[in-house]
Structure formats: C-alpha cells, structure tokens
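> model this:
(2 chains)
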Amino acid sequence: MREVDISEITKEIKEMCIQANYVLSSDMQTKLEDAVQKEESSLGIKILKQLEENLKIAESEQIPICQDTGMTVIFIKIGQEVHIINGDLEEGIQKGVREGYQEGYLRKSVVNDPILRENTKDNTPAVIHYEIIKGDKIEITVAPKGFGSENMSRIFMLKPADGIEGVKEAVLTSVREAGPNACPPMVIGVGIGGTFEKCALLAKKALTRDLNKSFSYPYPYIKELEEELLKKINELGIGPGGLGGTQTAFAVNIETYPTHIAGLPVAVNICCHVNRHITRII
Amino acid sequence: MDKYIHTPLKEEEIAELKAGDFVFITGTIYTARDAAHKRMYEALRKKEELPIELKNNIIYYMGPSPAKEGQVIGSAGPTTSSRMDKYTPELIDLGLKGMIGKGRRSDQVREAIIKRKAVYFAAIGGAGALLSKCIISSQVIAYEDLGTEAIRKLEVKNFPVIVVIDSEGNNLY
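Below you'll find the predicted structure:
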C-alpha cells in the first residue's frame, strides 16, 4: 500500500481551485485563438478579442477570469493500492475547496439548500465524483462550473427508435435554446447511454476532456458525430456573445456508455467559453 | 455605432440608442441580482421604500468576486438576465430606465421597455476581469448580508455594453 497524507490532497485541491479560475487551460486558449481566425462576423471578432484580453488580464493580475467562479465539481480517481492517512477524505477535499475559495478571492456561490438558499460563505460543499481505479496513484480533476451555462443544460430520455438523428436533434435543440444565455462560444459535453444519472455524469466528464490530447474513441461514429454537430452548431449563427457569427461552439465532446434495450438517454451539458478544468496526479 | 452616455439617463438619449449600438456608460449604476430582486419585490409588497432610487437609473445584473487588497472590485461580468424577468416590469414601471445583463428577456420585459421607453444592454458574458477595469468605485449600499448578491453602487467609466433591446422594442438576439 502506498500512503498518501490527506493534507497533500487538500493542498492540491486548494491550488487547483485558484489556478483553474485565474488561468484557462492551454487547450481552451488554443480554441479561442482558432476562433478569432475563423470568425466571419466583425462584431464576433471584436468580442473574441475582448475575451482574449480578458484572459490576459486575469492571468497577469491573478484575478478570476469570470466572477462566477462556479460550483466546484471534482472528479477523484483513487488507485486501489492507495491508503489515505491522517484524516477523512471527504473533509480533506472540502477543506481544500474552502481554503482555495477564501485565499484565492473567489466568489462564494453555493447555497445550503435549494429552497432555503442561505449562502454557505465558503463555496462548499463541492460536488465530488469518486472512482476507484487500479494502481497506486490519485488523479484529481477540478472543474469549477458556472451556472449561466449549467442552467441551459438538458437531459432527454429518447427511444431506441430515435437513433442517431434523435441525438443530433437533442443537442441542436439544447444549443439553440441556450443561445446567448450560455456565454458562447460554448463547449458542449454530451453523454449518450447508461442510465438517467450515468449519462448526465458522462456529459459533465466530457467537458473536462483535454483537447490537446488525442482521445481514443470506442467507435469511429462518435468522432464523426462530434464533427458533424460542431459544424451544425456553428451554422446556427448564434456567434460569440450570442450576437451573431460562425463561432458558436469551440468543441462538442461526446462520451458513451452501454445502455438498456429499452432506452437511449442523452444528456447535454453546456459550458461557456470559460471551460475550466485542471488535472493533477498525486 | 459607438455611443457615449452618462447616468442618470435622459429620455432623448435613450431614444437615440438602437439595437446593435456599442455604448460606453459613465456614471453611477447599481448592482442587483436574484436575491436582491426578490427582496425588492417583497419590500414593494409590504409598501416599503426601496433601498435605491430607480428613476432614470441603471441596474447591472452582477455579483462580483471579492476584491483583493488595493482593488476596487474583483471580477465583475454580467449574469443571465432572464432570472430577473419576473421582477423587472414592475421596476421599469417605477422608473428604472436601463438594465445590463446577458441573454434573452421575456415578452413582458420587452413590452415594459417599449411602454416606458427603457433600454436593455448586454455586457460580454465571461469577461469579468476586463469589465472590472471600468469600475472606479464600489460600495455596498443595501442587503449586505447577501454577500456577493448585495446591492452595490458602482461608479463606472466608459463601461462597454451593446444595446440588445432598444426603446422601440427592436431586439438584437
């Protein structure tokens, strides 16, 4: 067994919360640069250049890229050969979030209950997804999620007969309805298959994909579907800031999972142009 | 085209703003988002006075991140306006002339804008670091317990927005 002290996990999460909110990952920065080149609307280009300027200011002055520093979503994969010592894992993670949001001057956007709505004042609790994997490492992804785009996300329980055309329609409907509200250019995370909750989780996970790395698709149609949907989304004309243009989405990332003979669940998790995700391995 | 305006807004100034115009705002504006709107709505039900003067003023739908030492404000971009739609027509009836946010508005808000000759602007969503540079002072003036959702009085200089719904109801989206 490899021992990992809980304080190490807390420290990493604290740093990752701050880093993710100040500096956009290089894959997303590249997408923005590409969009400036590809955009055809002059107003769209103007907005994209302001977004580039915004990223520069945030990084150089160490302030959040966006005031909505999100509800903190954490994916943690724990190798089964790891023994976590000196504290409770859940509390260690929440402590990292609490310290990160306080020390990083990040906005506290979490309320204690969806109806009573009292601010917890430290952005906890984070939403944590645990996974046990083989090996003796811990892989942590921190993805602070803004709610302008989260609110425009959708889930569809399609019928098997709806097939791939039904999936396309679900994604395009979601993006069309999201329009300017979701701060385009967007990243579209799509989950297909599994159960109701599994496909939503796949869609969220899809948003954290590192676009600089090659992705191994289980079936070739998935990559083709991503490309087709990205083209169709960009033909909707929503554009940067929703003010018209050809750059409505940076990417469509699709994750799939086996499903039931009776079902075809599709979840569409929309993220704004500030698609924050950072991964570290302990 | 680019236009420069000062608050409080004047009717003839608003009439000249057209959907699609780039506008730079200078002067005092007030922030209020979900929770502050709910409180103002409840105050009106109880016939209480509102903590801000709405007449000819602008509300910015925004909840900033905290300011570091030496900063006026943290990141300060717009939030989605449609969540305020339920409360907005009443505020427009009370004299509110301008709103800054992002995203679509309801038909009721658009009708109130036409009826009272108001204007709806969008600021660039997700450009909170950039927009914070146009804010020269910030002071919490009401509902302090709401934290980021408190009502703030901001002094802004050449704050960049785009006219989305003009006083005739033309809609850019």
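> When you work out contacts or count neighbours from here on, use the C-alpha atoms and nothing else.
Fine.
> So which residues on chain A come close to chain B?
A:47, A:50-51, A:53-55, A:57-58, A:63-69, A:105-108, A:119, A:148, A:179-183, A:241-244, A:272-274 (CA under 8 Å from any CA of the partner chain).
> do that again at 6 Å, thanks
A:51, A:54, A:58, A:64-67, A:105-107, A:180-181, A:183 (CA under 6 Å from any CA of the partner chain).
> Distance check, residue A:223 against chain B.
From residue A:223 over to chain B the distance is 29 Å, taken as CA to the nearest CA, to the nearest Å.
> Next up, phi/psi of that residue, please.
Residue A:223 has phi and psi values of phi -60, psi -40 when expressed as degrees, to the nearest 10.
> Against residue A:214, how distant is it?
Note on residue A:223: its distance to residue A:214, by CA to CA, to the nearest Å, is 11 Å.
> Looking at the two, which has the bigger crowd around it?
Higher neighbour count among residue A:223 and residue A:214: residue A:223, with 17 against 8, using other CA atoms under 10 Å in any protein chain shown.
> related to what we said a few turns ago, of all the residues of chain A next to chain B, which two lie farthest apart?
Greatest spatial distance in the residues of chain A next to chain B: A:105 and A:180, 27.6 Å, computed using CA to CA.
> ok, the two, which is more surrounded?
The neighbour count for residue A:105 versus residue A:180, taken as other CA under 10 Å, is higher for residue A:180 (29 against 20).
> Can you list the neighbours in contact with the helix or strand residue A:19 falls within?
According to DSSP states H and E, residue A:19 maps onto helix A:6-22. With CA atoms under 6 Å, 6 or more residues apart in numbering or on different chains as the test, helix A:6-22 has contacts from A:58-59, A:62-65, A:85-87, A:92-93, A:96-97, A:99-100, A:104, A:276.
> Likewise for stretch B:91-110?
So stretch B:91-110 is in contact with A:180-181, B:54-61, B:78-82, B:89, B:118-123, going by CA under 6 Å, 6+ apart.
> Which of the residues you listed fall in helices?
The helices, defined by DSSP state H, take in residue B:89 from the contacts of stretch B:91-110.
> The top strand by length along chain B packs against which elements?
Using DSSP state E, we find that the single longest strand of chain B is strand B:151-165. The helices and strands touching strand B:151-165, judged by 3 or more CA pairs under 6 Å, 6 or more residues apart in numbering or on different chains; DSSP states H and E, are strand B:22-31, strand B:119-122, strand B:135-142.
> Single out the most deeply packed of the ones you listed.
strand B:119-122 (a mean of 28; mean count of other CA atoms under 10 Å in any protein chain shown).
> Would you mind naming what in chain B lies close to chain A?
Counting by CA under 6 Å from any CA, chain B comes close to chain A at B:64-66, B:75-76, B:80, B:103, B:125-130.
> mind putting those residues in CSV, pLDDT included?
CSV is the format used below for the residues of chain B next to chain A (pLDDT from 0 to 100):
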residue, pLDDT
B:64, 97
B:65, 97
B:66, 96
B:75, 97
B:76, 97
B:80, 96
B:103, 95
B:125, 93
B:126, 92
B:127, 95
B:128, 96
B:129, 96
B:130, 96
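> Of those residues, just the buried ones, ChimeraX syntax please.
Only the buried entries of the residues of chain B next to chain A go into this ChimeraX selection, using 16 or more other CA atoms under 10 Å in any protein chain shown:
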select /B:64,65,66,75,76,80,103,125,126,127,128,129,130
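> Between strand B:22-31 and the longest helix anywhere in chain A, find me the angle.
Counting residues, the longest helix found in chain A (DSSP H) is helix A:42-61. Counting by axes from the mean of the first three to the mean of the last three CA atoms, to 10 degrees, helix A:42-61 points 50 degrees away from the direction of strand B:22-31.
> ok, then the element right after helix A:42-61?
Proceeding N to C from helix A:42-61, the next assigned helix or strand is strand A:71-79, under DSSP H and E.
> In its sheet, which strands sit next to that following strand, and in what direction?
Sheet pairing of strand A:71-79 (DSSP bridges) gives strand A:127-133 (parallel), strand A:138-145 (antiparallel).
> what is the orientation angle of that strand with helix A:6-22?
Using the same axes, to 10 degrees, strand A:71-79 lies at 140 degrees relative to helix A:6-22.
> Give me the phi and psi angles of the one residue sitting closest to the centre of chain A.
For chain A, the residue nearest the mean C-alpha position is residue A:207 (3.8 Å; CA atoms, centre = their mean). In terms of degrees, to the nearest 10, the main-chain angles of residue A:207 are phi -70, psi -20.
> Equivalent analysis for residue A:97, please.
Per-residue torsions, residue A:97: phi -60, psi -50 (degrees, to the nearest 10).
> Distance check, it against residue A:5.
On the measure of CA to CA, residue A:97 and residue A:5 end up 17 Å apart.
> Report the next helix or strand after the top strand by length along chain A in sequence order.
Criterion DSSP E: the longest strand present in chain A is strand A:249-259. Going down the chain from strand A:249-259, the next helix or strand is strand A:264-271, by DSSP H and E.
> Run through who's touching that next one.
A:149, A:153-160, A:186-193, A:199-200, A:203.
> count of neighbours near residue 115?
Let's take chain A. With other CA under 10 Å as criterion, residue A:115 counts 7.
> not what I meant, chain B
Residue B:115 has 15 nearby residues by other CA under 10 Å.
> wait, is it part of a strand?
No - Residue B:115 is assigned helix when assessed by DSSP: H, G, I helix; E, B strand; the rest coil, not a strand.
> I'd like the distance between it and chain A.
Counting by CA to the nearest CA, the gap from residue B:115 to chain A is 25 Å.
> cool, residue B:150 as well?
In terms of CA to the nearest CA, residue B:150 sits 12 Å off from chain A.
> residues in contact with that residue?
B:143-144.
> quick one: pLDDT of it?
Looking at residue B:150, its pLDDT reads 96.
> what are the phi and psi values for it?
phi -60, psi 160.
> Doesn't residue A:31 lie inside a helix?
Yes - counting by three-state DSSP, residue A:31 is located in a helix.
> Give the closest residue to it in space, chain neighbours not counted.
residue A:250 (6.0 Å; CA to CA, 6 or more residues apart in numbering or on different chains).
> Can you give me the pLDDT of that neighbour?
pLDDT, residue A:250: 97.
> Please apply the same query to residue B:172.
92.
> The closest residue to it other than its chain neighbours: neighbouring residues, count only.
In this structure, residue B:172 finds its nearest non-sequential neighbour in residue B:164, 4.8 Å apart by CA to CA, 6+ apart. Applying other CA under 10 Å, we find 28 other residues in the vicinity of residue B:164.
> Residue B:164 is in contact with residue B:121, isn't it?
Yes - look at residue B:164 against residue B:121 with CA atoms under 6 Å: they come within range, at 5.3 Å.
> And what about the most far-flung residue of chain B relative to its centre, helix, strand or coil?
Within chain B, residue B:69 marks the point farthest from the mean C-alpha position, 26.0 Å out by CA atoms, centre = their mean. Assigned with three-state DSSP, residue B:69 falls in the coil class.
> before we move on, the earlier item: export the strands paired with strand A:71-79 to TSV and tack on mean pLDDT and mean neighbour count?
Output for the strands paired with strand A:71-79, formatted as TSV (pLDDT from 0 to 100; neighbours: other CA atoms under 10 Å in any protein chain shown):
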stretch	mean pLDDT	mean neighbour count
strand A:127-133	98	14
strand A:138-145	98	23
